[in-house]
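**Q** Predicted coordinates and the sequence they were generated for:
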Amino acid sequence: MISKSVCLTAILAVSSYQLFAQDKPKPEDTEFYTPVPPKVTPGATCSAPPSDAVILFDGTGEDKWVAASDSTKPADWIVHHGILTVNKHGVGNIRTKQYFGNYQLHIEWRVPKNVTGSGQARGNSGVFLASIGSGDAGYELQVLDNYENKTYTNGQAGSIYKQSAPLVNASRKPGEWQSYDVVWTAPVFGADGNVQSPARVTVFHNGVLVQNNFSLLGPTLYIGKPSYTQAHGPSPVKLQAHGDKSEPISYRNIWIRPL
């Protein structure tokens, strides 16, 4: 004869096993099927625009750009053989017509092979990742010849100008095309105008990581320390026509993916 205590123990053991079996984690507990990511067809090469990109310059014209000083005026840089070159004869900076928040940007640039000068006066330009004014206000990713050209490191190619030196110098020789691939996270401001989260940027220069999710201290300043003093929302991308006497920079294959 089996005692009641033995039966009860057996029942409790079975019940505990069943409970444990029900609570045991399963692979499907951490698998989800929605939302389904949208389909994007990649470009034929790493530099070619994917299917959801906004084409800012494909070599055929400046219809996506305006003068930064006056948005009612067209961009008047030089377009020749599929290349966009800075016009240093009083035209000034140009900016996109469209405004962007967070985005992925691809842009290619070239310092002239016959470039002269030294330091900051050697093929100087800049990509303003968010333009917040008609002049040089905004957040600048520096464009400069630094293949064999010394300058202050937070002002060389691949730097967030006057804020963050590039992790490495990945510059090519003058006359060779170079590329920036950028992931830009725009700053967020509260209702009171104070910054809630700073701008952040990751940059690849010629496929090499040079800025790794760097948190910007504020918009670019030539003199003084940057800070967030002006709240803003989505902003255009701006290309700089630097006021030095060196040979002008050229650009091509510019596309952007709003995120």
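**A** Structure's in. What do you need? Residues are numbered from 1 along each chain as shown.
**Q** then stretch 117-134 to CSV, C-alphas only?
**A** Output in CSV follows, covering the C-alpha atoms of stretch 117-134 (Å, rounded to 0.1, in the frame of the first residue of the first chain):
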residue,chain,number,x,y,z
GLY,A,117,49.4,77.2,-50.4
SER,A,118,49.8,75.6,-47.0
GLY,A,119,47.8,75.1,-43.7
GLN,A,120,44.3,76.3,-44.0
ALA,A,121,44.9,78.0,-47.3
ARG,A,122,45.2,74.8,-49.2
GLY,A,123,42.0,73.7,-50.9
ASN,A,124,39.7,74.8,-48.1
SER,A,125,36.0,74.2,-48.1
GLY,A,126,33.5,72.6,-45.8
VAL,A,127,30.3,70.5,-45.6
PHE,A,128,27.9,72.1,-43.1
LEU,A,129,25.9,69.2,-41.8
ALA,A,130,23.1,71.6,-40.6
SER,A,131,23.2,75.2,-41.8
ILE,A,132,21.6,77.6,-39.4
GLY,A,133,22.5,80.9,-41.1
SER,A,134,23.4,82.5,-44.3
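**Q** what about it, average pLDDT?
**A** Per-residue pLDDT over stretch 117-134 has a mean of 90.
**Q** Okay, buried residues for that stretch please.
**A** Of all the residues in stretch 117-134, those buried under the rule 16 or more other Cβ atoms under 10 Å are 120-133. No exception for glycine: its C-beta is placed from N, CA and C like everyone else's.
**Q** and what of stretch 146-154?
**A** 146, 147, 149, 151.
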